[in-house]
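**Student:** Build the 3D model from these lines:
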Amino acid sequence: MNHTRRRFLAGLSVLALAPVLAACGDDADATATDAGGPDDAAPEESAFPVTIAHKYGETTIEKAPERVVCLGLTDQDTLLALGIVPVGVTYWFGDEKLQGIYPWARDHLGDAPLPTVLHDTNGVEIEKVAALAPDLIIGQYSGLTEQDYQKLSAMGVPVVAQNGDYADYGTPWDEAALTIGTAVGRPEATRALIAEVEQRIADEAKAHPEFRGQTAAVVTPYEGLFLYGPEDPRSRMLRDLGFDLHPLITGADDSEFGVALSSERTSDLGDIGVAVWLDLGADRQVRTLFERTPAHDEGRWVDISDADGSYYVAHSFVTPLSIPYLLDRYVPQLAAAADGDPATEPPAA
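**Tutor:** Alright, predicted model coming up:
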């Protein structure tokens, strides 16, 4: 699977933004010379040494890392929640000037320097990673190749690649968070963090029993129509909130990443409970076809686009820090769509 395909599966929104990103030019990175954040990030007792299994084998970490580089597109959030500021993060999409620290994570940065921004458009920037002198390289929400894994490991630095039990970019947010927390010596703190966020999701699902039994899908126009699959974090969030995935997804033979259809199949979404669109306006034909469906007429849809700023990014991040930020606005939107009344206005976030 080539790198372009991996970026496609990681988040179609980044492709929709490609012309904007190209116009941004080079980032003005601020090199983080010291790790650490405002919280107590001391490792837990008996946390090291620890051995972590991943897609390319096992990695043993002998002691608490102080300079962590994130190759996963969202990995920094868990580190920040645990009081650890990485020295390098990998840019995905959104406002690059934020250097990977979005509004939901900003308070966890404290007075620490912003991390250096890496780009993986053409593969991992091996030399730039080496220049950061990391003592841990982590890549959970990633499509790290075995070749790049071997190159990074040759530096003599522990490298923890993505979970091999799932598709690339498909590890559930809680499992990814626990792996990251274990790698930095704070597994129990991470479990507590996960439990708190899981409770928030469960509370939202309980407060909205109308979600249960309704179908939903995260959909975007891309060379026709693309529906995010069951291993995508955005789809998992819909299911955690009580929705069932639409049969266009569950009925596909191979839909872990998602299902690509011709734009004409947009009409098949007419019976959906809630369609969560990413950038509906990006394709005129898809938009026109959807506007002719009962789902559109009944207001059973949400459109999230880059005009929504950090909320647009949060919808794709799905991390312990971004989820509460997302749910404040997302759940009212879903509730307004799920009632089938186009006159319902979602409350202001």
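
**Student:** Quick one: residues contacting residue 132.
**Tutor:** When contacts are counted by Cβ atoms under 8 Å, 6 or more residues apart in numbering, residue 132 touches 31, 67, 69, 87-88, 116. C-beta coordinates here come from the backbone N, C-alpha and C atoms, glycine included.

**Student:** I figured residue 249 hits residue 217, correct?
**Tutor:** Yes: Residue 249 is within contact range of residue 217, at 6.0 Å (criterion: Cβ atoms under 8 Å).

**Student:** Give the next helix or strand downstream of the longest strand along the chain.
**Tutor:** Using DSSP state E to define each element, the chain has its longest strand at strand 215-221. Counting by DSSP states H and E, the next helix or strand C-terminal to strand 215-221 is strand 225-228.

**Student:** and stretch 249-262, which residues are buried?
**Tutor:** 249, 252, 255, 257-259, 261 (16 or more other Cβ atoms under 10 Å).

**Student:** tell me what the longest strand of the chain is packed against?
**Tutor:** With contacts taken as 3 or more Cβ pairs under 8 Å, 6 or more residues apart in numbering; DSSP states H and E, strand 215-221 sits against helix 12-16, strand 225-228, helix 233-240, strand 244-245, helix 247-250, strand 274-278.

**Student:** Poorly predicted segments of the protein, please.
**Tutor:** Where the chain drops to pLDDT under 70, the residues are 1-40, 255, 348-349.

**Student:** One more pass at 90, please.
**Tutor:** Along the chain, the parts satisfying pLDDT under 90 run over 1-41, 121-122, 252-258, 342, 344-349.

**Student:** which residues does residue 268 contact?
**Tutor:** Here residue 268 is in contact with 248, 261 (Cβ under 8 Å, 6+ apart).

**Student:** on that earlier part again, which among the buried residues of stretch 249-262 gets closest to residue 131?
**Tutor:** When the buried residues of stretch 249-262 are ranked by distance to residue 131 (Cβ to Cβ), residue 257 comes first, at 33.0 Å.

**Student:** Please report how far the closest one lies from residue 282.
**Tutor:** 19 Å (Cβ to Cβ, to the nearest Å).

**Student:** What of residue 240?
**Tutor:** 27 Å.

**Student:** again, but for residue 230
**Tutor:** From residue 230 to residue 282 the distance is 24 Å (Cβ to Cβ).

**Student:** ok, now residue 112?
**Tutor:** Separation of residue 112 from residue 282 (Cβ to Cβ): 37 Å.

**Student:** The two: which is more packed in?
**Tutor:** Remark: of residue 112 and residue 282, residue 112 carries more neighbours, 21 against 18, as counted by other Cβ atoms under 10 Å.

**Student:** and residue 271, how many neighbours?
**Tutor:** Residue 271, neighbours per other Cβ under 10 Å, totals 12.

**Student:** And for residue 329?
**Tutor:** Residue 329 is flanked by 18 other residues according to other Cβ under 10 Å.

**Student:** That one touches residue 311, doesn't it?
**Tutor:** Yes: with contact defined as Cβ under 8 Å, residue 329 counts as touching residue 311 (5.8 Å).

**Student:** Quick check: longest helix in the chain by residues?
**Tutor:** helix 187-207 (DSSP state H).

**Student:** What segments of the stretch 1-150 of the chain are strands?
**Tutor:** For the stretch 1-150 of the chain, applying DSSP state E, counting those that start in this stretch gives strands covering 50-54, 57-61, 68-70, 88-90, 116-118, 136-138.

**Student:** Just the residues contacting the first one, thanks.
**Tutor:** Okay, so that is strand 50-54. Strand 50-54 is contacted from outside by 58-61, 160-164, 179, 182-183, 185, using Cβ under 8 Å, 6+ apart.

**Student:** just to revisit the earlier point, identify the farthest-apart pair in the buried residues of stretch 249-262.
**Tutor:** Using Cβ to Cβ, those span at most 13.6 Å, a distance reached by 257 and 261.

**Student:** Serialize the helices and strands packed on strand 215-221 to CSV and add fields for distance to residue 340.
**Tutor:** What follows is those, written out as CSV (distance: least, Cβ to Cβ, whole Å):
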stretch, distance to residue 340
helix 12-16, 27
strand 225-228, 21
helix 233-240, 17
strand 244-245, 16
helix 247-250, 19
strand 274-278, 10
